[in-house]
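Participant: attaching a predicted model along with its sequence, questions to come.
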Amino acid sequence: MKLILLGAPGAGKGTQAELLSRQLGIPTISTGNILREAIRNQTPTGLKAKALMDAGQLVPDEVILGIVAERLSREDCQNGYILDGAVRTIGQAEALENMGIHMDAVVSIEVDDAVIEARMTGRRVCPKCGASYHIVANPPKTADICDVCGEGLVIRKDDAPETVRQRLSVYHEQTEALKGFYEKLGKLKLVEGNQPIEDANRDILAALGVQA
Ligand code: AP5
């Protein structure tokens, strides 16, 4: 299964990708997490991406395509993968098609902007493994500690309310059009994201025709 998760910032792409990765037995590729790791390691890519990410802007297509092509060439992607936020412009989607990388399905998690803004204020993330939590909807077992790797959780810099509004407007201007692109290819599945995590997950599995 080669799957893209689309959706506004905070729609729940990372949360659902983590669940689906376990359920489908395929890896998740999150360009956001890869870029944040590059920033922590102060690589040339990280240095290029930092100011753009902090401002809620997209990183250039060629940087993203390089990251995605390298990651997809690894052994663990042979049986499929989940692209979490890894395709955000028509240019990126066309480039993947031209590289012969065709998806089986593209799930768009549909969430109202007002719900997004409320969700982001409660998000906490693990700076080490990238796991994402919410202080009410999806709390870690021990407050402020990552369930997966035990690292202390942090608030993402780009979750400041002003930056979230900027990211939402970038989503509407540059990413939302991907729904039309993949609809024309017969790949698009819309899933209601204004509902609890487990319910959204059940609906995604149903849309993919996978038994829970
Ligand atoms: P990225 O890290 O991908 O950020 P994003 O798309 O803005 O998405 P988020 O990670 O903020 O949200 P999410 O949808 O994963 O939601 P989550 O599951 O965490 O990208 C960051 C930046 O990197 C971009 O702004 C850009 O600069 C750059 N970048 C990355 N990829 C790029 C690309 N392809 N091209 C160009 N630039 C790129 O959930 C959010 C919160 O809500 C959590 O607290 C969670 O617990 C909670 N939650 C989730 N689902 C529910 C639910 N159903 N009910 C209640 N709470 C929920």
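Facilitator: Yep, it's here.
Participant: for stretch 91-104, buried residues please.
Facilitator: When burial is assessed from 16 or more other Cβ atoms under 10 Å, stretch 91-104 yields the following buried residues: 92, 93, 95, 96, 103. Just so you know, the C-beta spots here come from the backbone N, C-alpha and C atoms, and that holds for glycine as well.
Participant: which residues does that stretch contact?
Facilitator: If you take Cβ atoms under 8 Å, 6 or more residues apart in numbering as the criterion, stretch 91-104 is touched by 1-4, 61, 64-65, 68-69, 72, 80, 83, 86-87, 178, 181-182, 187.
Participant: and residue 149, helix, strand or coil?
Facilitator: coil (DSSP: H, G, I helix; E, B strand; the rest coil).
Participant: list the contacts for it?
Facilitator: By Cβ under 8 Å, 6+ apart, the neighbours of residue 149 are 126, 128, 129, 131.
Participant: where in this protein is the helix or strand with the lowest mean pLDDT?
Facilitator: helix 113-121 (a mean of 90; mean pLDDT, DSSP states H and E).
Participant: can you name the residue of the protein nearest to the ligand?
Facilitator: Using Cβ to the nearest ligand atom, the closest approach of the chain to the ligand is made by residue 32 at 1.9 Å.
Participant: buried residues in the helix or strand harbouring that residue, which are they?
Facilitator: Following DSSP states H and E, one finds residue 32 within helix 31-40. Neighbour counts over helix 31-40 (16+ other Cβ under 10 Å) mark 31, 32, 33, 34, 35, 36, 37, 38, 39 as buried.
Participant: so residue 60 versus residue 152, what's the distance?
Facilitator: 32 Å (Cβ to Cβ, to the nearest Å).
Participant: ok, those two, which is more surrounded?
Facilitator: residue 60 (14 against 11; other Cβ atoms under 10 Å).
Participant: who's in contact with the more buried one?
Facilitator: Counted by Cβ under 8 Å, 6+ apart, residue 60 has contacts residue 48.
Participant: thinking again about what came up before, between the contacts of residue 149, which is closest to residue 8?
Facilitator: residue 131 (20.2 Å; Cβ to Cβ).
Participant: which residues of this protein fall in strands?
Facilitator: According to DSSP state E, the chain carries its strands in the segments 2-7, 28-30, 81-84, 105-110, 123-125, 132-134, 188-192.
Participant: what would these look like in a markdown table with mean pLDDT and distance to residue 164?
Facilitator: Converted to a markdown table, these look like this (pLDDT from 0 to 100; distance: least, Cβ to Cβ, whole Å):
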| stretch | mean pLDDT | distance to residue 164 |
| --- | --- | --- |
| strand 2-7 | 98 | 14 |
| strand 28-30 | 96 | 18 |
| strand 81-84 | 98 | 18 |
| strand 105-110 | 98 | 16 |
| strand 123-125 | 94 | 10 |
| strand 132-134 | 92 | 14 |
| strand 188-192 | 98 | 21 |
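Participant: would you reformat these as CSV and include mean neighbour count?
Facilitator: Formatted as CSV, the strands of the chain follow (neighbours: other Cβ atoms under 10 Å):
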stretch, mean neighbour count
strand 2-7, 24
strand 28-30, 22
strand 81-84, 25
strand 105-110, 22
strand 123-125, 21
strand 132-134, 21
strand 188-192, 18
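Participant: tell me which of those lies nearest to residue 168.
Facilitator: That would be strand 2-7 among the strands of the chain, by Cβ to Cβ, at 11.2 Å.
Participant: fine by me, thanks again.
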